[in-house]
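Peer 1: Sequence plus predicted model, see below.
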Amino acid sequence: MPSLPEQIAHREVTDADVRRSYALDATVALAPPPDDFTVVRARDLSDVVAVLEHAQATGTAVVPQGARTSRSGGAVATEDCIVLNVEALDAVHEVNELEGYAVVGPGVVNADLKRAAASAGLFYGPDPASWETCTIGGNIATNAGGLCCVKYGVTSDWVKALQVVLPGGEVMRTGHRTAKGVAGYDLTGLFVGSEGTLGVVTEAVVRLEPAPDPALTALAVFDSLDAAVAGIVALRRDPHRPCLLEIIDRTSVRAIQAFGDFGFPDDCAAVLLVQSDRPGHVADDVARYAGLLESAGATDVAVADDAQESEALLAGRRVMSTAFEAMGGRLAEDMCVPIGRLAEFVRGIEAISERRAVLIPVSGHGGDGNLHPSIVYSHDDPDSLARAWEAFDDLIRLGLSLDGTITGEHGIGSVKVPWLGLELGDAELDRQRRLKAVFDPLGIMNPGKVFPAAPR
Ligand SMILES: Cc1cc2nc3c(=O)[nH]c(=O)nc-3n(C[C@H](O)[C@H](O)[C@H](O)COP(=O)(O)OP(=O)(O)OC[C@H]3O[C@@H](n4cnc5c(N)ncnc54)[C@H](O)[C@@H]3O)c2cc1C
């Protein structure tokens, strides 16, 4: 690999163990990391510019990186690449109350942006379950969702403008800070969700809104998954949309209870968690939601009276990912289907689980139709991993057959590259690759992610 120019050589991670820790992200069941790659920890815009100038001049691949919480292998190192980590660009430059925006570096952690907004009486919506670790740069690159999307939408609904460094080092600005603005194509929208394949986000202007009321939670227990899905449909029809609507099935509840006692009944088929934060109407909304859930067939509904009880009801949901780790290896799915097809999707998942003889706990953002079935396999049993991949393929085809999409929020990354054409079709796939070439003619940005790596 060509050595780094002097001006950025001092940003290179030289310790071999530390360097290796930047090779993978939170995705499991990936190929082993490459041997030969360089890690640069940028500290400011000029470092990013210098890396991208050097990369373009030498034809070296660049893997932009935030906090490495990607669930789709989007941030993993490739052979001979430069991993360009921008976590240290973590300043909240401005919170503008009058105009309703914040200007932040890409390394700002999602929860820190929420806290900075809250200290000005404002609110930033998107809240991935990884909110205490993932970065805004990563959220923008993946168009991240989260628990509150059912009411507040995804990251793209909150990004107004970007500063991006392109291959070759050119600094580009997109979007506007004004309340409205439609000059030219929406290149901000193009970069949101581009998974590091076009350039490196070095600054973002994100929309802030007046803070809602503190949320209250209701937890409903069901003895069938169908009844829980009916509960989701009933809540989606309510004129005042919940700000959180999560589903946790029996296997997931058992994994959570095995991790610690979070008060979930072991014998239920599913649990729904629902919240309201509508200013002045939180208690009324949650009481109405409880009634709707009972009518849909809930066998028990607990309603929190205050913020502390609300958090207690959510605590099991918050540890779910860690609780799953005790089950073995798992392929985390991220399908999104129309709400009206959710019942068919859930039944289809059960059938796949039976056919492939693999455990598939189902949980996720039920209110969006965005489920995260987790296909469990044993680390000691290669056959179970093979069956898990077959089930992964089955799930993708099932979701598409129900007019769904192969990824609701985690992105294509490296994991779902073989399936993107199935959703887009050849012509659209080709158009998107040509679009990438406008910004990245040499194909050095995150090769092998989203599209198959082209020979360079
Ligand atoms: C426990 C857990 C829960 C999760 N829950 C959710 C959830 O509810 N909703 C959800 O959407 N996701 C969720 N995720 C996935 C993950 O947190 C998100 O995809 C997140 O947006 C990734 O942010 P990151 O900073 O870790 O980025 P990374 O993982 O480092 O990178 C992700 C992608 O963004 C690119 N990238 C990163 N920074 C930049 C930049 N500055 N410029 C250009 N490209 C960049 C990378 O190349 C890569 O393609 C979860 C993950 C975990 C581990």
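Peer 2: Here it is on my side, so go on. Residues are numbered from 1 along each chain as shown.
Peer 1: Around the ligand, pick out the residues from the stretch 351-456 of the chain.
Peer 2: Glu409, His410, Asn446, Lys449 (C-beta under 6 Å from any ligand atom). C-beta coordinates here come from the backbone N, C-alpha and C atoms, glycine included.
Peer 1: Give the burial count for the last one, as a bare number.
Peer 2: I take that to be Lys449. 29 (other C-beta atoms under 10 Å).
Peer 1: Counting neighbours, which bits of stretch 305-312 end up buried?
Peer 2: Ser310, Ala312 (16 or more other C-beta atoms under 10 Å).
Peer 1: Could I get the average pLDDT for it?
Peer 2: The pLDDT scores in stretch 305-312 average 92.
Peer 1: Give me the distance between it and the centre of its chain.
Peer 2: 26 Å (C-alpha atoms, centre = their mean, to the nearest Å).
Peer 1: heads up, I number from 114, so please use that
Peer 2: I'll keep to 114 as the first residue from here, and by that count the last item is stretch 418-425.
Peer 1: CA atoms only for that stretch - export them in PDB, please.
Peer 2: What follows is stretch 418-425 as a C-alpha-only set of coordinates in PDB (Å, rounded to 0.1, in the frame of the first residue of the first chain):
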ATOM      1  CA  ASP A 418     -48.000   7.000  35.600                       C
ATOM      2  CA  ASP A 419     -44.700   8.800  35.300                       C
ATOM      3  CA  ALA A 420     -41.400   9.000  33.500                       C
ATOM      4  CA  GLN A 421     -39.700   6.500  35.900                       C
ATOM      5  CA  GLU A 422     -42.400   3.900  35.400                       C
ATOM      6  CA  SER A 423     -42.200   4.500  31.600                       C
ATOM      7  CA  GLU A 424     -38.500   3.800  31.600                       C
ATOM      8  CA  ALA A 425     -39.000   0.700  33.700                       C
END
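Peer 1: all strands for the stretch 314-463 of the chain, in order.
Peer 2: With DSSP state E, counting those that start in this stretch applied, the stretch 314-463 of the chain shows strands at 322-323, 329-335, 357-362, 383-389, 413-416, 442-445, 448-449, listed in chain order.
Peer 1: Sheet partners, orientation included, of the second one?
Peer 2: Take DSSP bridges as the rule and strand 329-335 pairs in its sheet with strand 383-389 (antiparallel), strand 413-416 (antiparallel).
Peer 1: and the direction of the first one versus that of strand 357-362, what angle?
Peer 2: The directions of strand 383-389 and strand 357-362 differ by 170 degrees, with axes from the mean of the first three to the mean of the last three C-alpha atoms, to 10 degrees as the criterion.
Peer 1: Name the residues that touch strand 383-389?
Peer 2: 328-335, 337-338, 340-341, 344-345, 348, 353, 355-363, 366, 377, 395, 398-399, 402, 406, 411, 423, 426-427, 430, 479-480 (C-beta atoms under 8 Å, 6 or more residues apart in numbering).
Peer 1: Stretch 261-268 now?
Peer 2: 238-240, 252-253, 255-258, 271, 305-306, 354-358, 390, 478, 480-481, 483, 522.
Peer 1: So which of those are in helices?
Peer 2: Asn252, Ile253, Thr255 (DSSP state H).
Peer 1: Among the residues you listed, which one has the most neighbours?
Peer 2: Asn252 (35 neighbours).
Peer 1: so how far is Leu275 from the nearest residue to that one once chain neighbours are set aside?
Peer 2: Spatial nearest neighbour of Asn252, chain neighbours left out: Thr268 (4.9 Å); criterion: C-beta to C-beta, 6 or more residues apart in numbering. Distance of Thr268 to Leu275, given as C-beta to C-beta, to the nearest Å: 12 Å.
Peer 1: shared neighbours, those two?
Peer 2: Contact criterion C-beta under 8 Å, 6+ apart; residues shared by Thr268 and Leu275: Ile253, Val305.
Peer 1: more crowded one of those two?
Peer 2: Thr268 (27 against 24).
Peer 1: Residues of the stretch 314-463 of the chain that sit close to the ligand?
Peer 2: Val314, Ser434.
Peer 1: Oh, that last question was meant for the stretch 114-263 of the chain, not what I typed.
Peer 2: So the stretch 114-263 of the chain meets the ligand at 138-139, 176-184, 187-188, 199, 219, 241-243, 247-248, 250-252, 254-255, 257-259 (C-beta under 6 Å from any ligand atom).
Peer 1: Tell me which residues touch the residue in the stretch 214-363 of the chain that the ligand sits nearest to, please.
Peer 2: Nearest residue of the stretch 214-363 of the chain to the ligand: Gly251, at 2.2 Å (C-beta to the nearest ligand atom). Residues near Gly251 by C-beta under 8 Å, 6+ apart: Gly179, Ala180, Thr182, Ser183, Ala188, Pro219, Ala257.
Peer 1: could these be laid out in CSV, adding secondary structure, neighbour count and pLDDT?
Peer 2: Listed next are these as CSV, based on DSSP: H, G, I helix; E, B strand; the rest coil; neighbours: other C-beta atoms under 10 Å; pLDDT from 0 to 100:
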residue, secondary structure, neighbour count, pLDDT
Gly179, coil, 29, 98
Ala180, coil, 21, 98
Thr182, coil, 23, 97
Ser183, coil, 29, 97
Ala188, coil, 30, 97
Pro219, coil, 28, 98
Ala257, coil, 29, 98
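Peer 1: and which of those is nearest Ile465?
Peer 2: Ser183 (24.6 Å; C-beta to C-beta).
Peer 1: My guess is the closest one contacts Thr140. True?
Peer 2: Yes: assessed by C-beta atoms under 8 Å, Ser183 is found in contact with Thr140 at 6.1 Å.
Peer 1: State the helix or strand in which Val551 lies.
Peer 2: Val551 belongs to helix 539-552 when assigned by DSSP states H and E.
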